[in-house]
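Colleague: Sequence plus the predicted model coming up.
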Amino acid sequence: MSNAGEHISVLLQGAVDALNIRPDGVYLDATFGRGGHSREILARLGSAGRLIALDRDPQAVASAGGIEDVRLSMVHAAFSKLAEVLGDLQVESVDGVLFDLGVSSPQLDEAERGFSFRFDAPLDMRMDTSQGMTAADWLNQAEEKEIAQVVWNYGEERFARQVARAIVKARALAPIDTTRQLASICATAVRTRERGQDPATRTFQAVRIFINRELERAAGWW
Ligand SMILES: C[S@@+](CC[C@H](N)C(=O)[O-])C[C@H]1O[C@@H](n2cnc3c(N)ncnc32)[C@H](O)[C@@H]1O
């Protein structure tokens with residue numbers, strides 16, 4: 001949720017209540033974001049408690065610099081690397097783990113991240129901007145069939161095949177490098193308008209999930 005560019009944590013009290021925090025316990029926030037849940041966990045911990053927080057987004061990690069608290073260990077890592085992170089910190093077990101999956105409002109609101117069709121920006125969409133393929137890299141070289149599968153599987157877009165065909169046609173003329181280009185392609189390919197929804201919504205969601213391997217990483221942890 002967003003409020004003037006800030007992230008309002010979802011179910012803040014309820015989610016942290018569910019952790020049943022022991023003041024001297026060790027907790028893990030696997031998706032720090034802007035630290036709303038982490039701050040609430042710290043507020044409920046005593047001086048002997050400990051919080052380990054992860055995020056794969058370097059900007060989220062940098063935002064933790066505002067929290068001066070020796071009980072907090074902030075680590076730049078995907079939660080698929082949880083076991084290694086805990087090993088490095090010599091933490092053998094934790095008392096509770098919080099996952100708040102998805103994108104944060106700052107990620108959606110910062111045009112240059114390329115997550116949103118509301119702005120014209122480079123088509124990046126990586127949560128971890130320090131590594132991996134951008135959405136533009138992938139869309140400009142993937143096979144039409146693969147694009148259609150991604151858009152269908154992760155966006156449940158009825159016009160997935162038409163979107164993939166339009167992408168391949170457009171990129172033969174010029175590389176698809178911006179959010180506006182992709183949004184315009186979706187507008188030509190998606191023929192039925194869902195009420196209140198932009199024709200690009202499902203495709204953007206699908207490409208974001210694919211580029212960040214969101215479902216694989218979540219499934220890998222369990
Ligand atoms: C909904 S936000 C979390 C908001 C946070 N609970 C708060 O109160 O500010 C989700 C965060 O999870 C991060 N994230 C997504 N997938 C991740 C993964 N596999 N490993 C670590 N962080 C991930 C994103 O970068 C984003 O910052």
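Modeller: Structure's in. What do you need?

Colleague: quick one: low-confidence ranges for this structure?
Modeller: Scanning the chain for pLDDT under 70 picks out the ranges 1-7, 217-222.

Colleague: Might you enumerate the residues of it proximal to the ligand?
Modeller: Proximity of the chain to the ligand (C-beta under 6 Å from any ligand atom) is limited to residues 7, 9, 31, 33-37, 54-57, 60, 78-79, 100, 102, 104, 127, 217. In this view, the C-beta of every residue, glycine as well, is placed from N, C-alpha and C.

Colleague: Buried subset of the residues you listed as a PyMOL selection?
Modeller: Buried members of these, defined by 16 or more other C-beta atoms under 10 Å, are picked up in PyMOL with:
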select buried, resi 7+9+31+33+34+35+36+37+54+55+56+57+60+78+79+100+104+127+217
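
Colleague: counting contacts, what elements does the biggest helix by length in the chain pack onto?
Modeller: The longest helix of the chain (DSSP state H) is helix 160-173. Applying 3 or more C-beta pairs under 8 Å, 6 or more residues apart in numbering; DSSP states H and E, one finds that helix 160-173 contacts helix 144-155, helix 179-189.

Colleague: Report the angle between whichever helix or strand comes after the shortest one and helix 144-155.
Modeller: Using DSSP states H and E, the helix or strand that follows helix 179-189 in sequence is helix 201-211. Counting by axes from the mean of the first three to the mean of the last three C-alpha atoms, to 10 degrees, helix 201-211 lies at 100 degrees to helix 144-155.

Colleague: List of residues touching helix 201-211?
Modeller: With contact meaning C-beta atoms under 8 Å, 6 or more residues apart in numbering, helix 201-211 is reached by 103, 115-117, 125-126, 132-135, 138-139, 150-157, 163, 179, 182-183, 186, 190, 194, 214-215.

Colleague: One more: stretch 107-120?
Modeller: Counting by C-beta under 8 Å, 6+ apart, residues outside stretch 107-120 touching it are 2, 5, 57, 59, 103, 121-125, 127, 129, 134-136, 178-180, 182-183, 186, 198, 200-201, 204, 208.

Colleague: Just give the nearest non-adjacent residue to the one residue sitting closest to the centre of the chain, would you?
Modeller: With distances taken as C-alpha atoms, centre = their mean, the residue of the chain nearest its centroid is residue 103 (3.6 Å). What sits nearest to residue 103 in space, not counting adjacent residues and going by C-beta to C-beta, 6 or more residues apart in numbering, is residue 115, at 6.2 Å.

Colleague: isn't there a helix covering the one you found?
Modeller: No: read with DSSP: H, G, I helix; E, B strand; the rest coil, residue 115 is coil and lies in no helix.

Colleague: Look up how far the ligand lies from it.
Modeller: Plainly put, residue 115 is 11 Å away from the ligand if you go by C-beta to the nearest ligand atom, to the nearest Å.

Colleague: Tell me how far residue 160 lies from the ligand.
Modeller: Residue 160 is 24 Å from the ligand, by C-beta to the nearest ligand atom.

Colleague: Pull the contacting residues for that residue.
Modeller: 148-149, 151-152.
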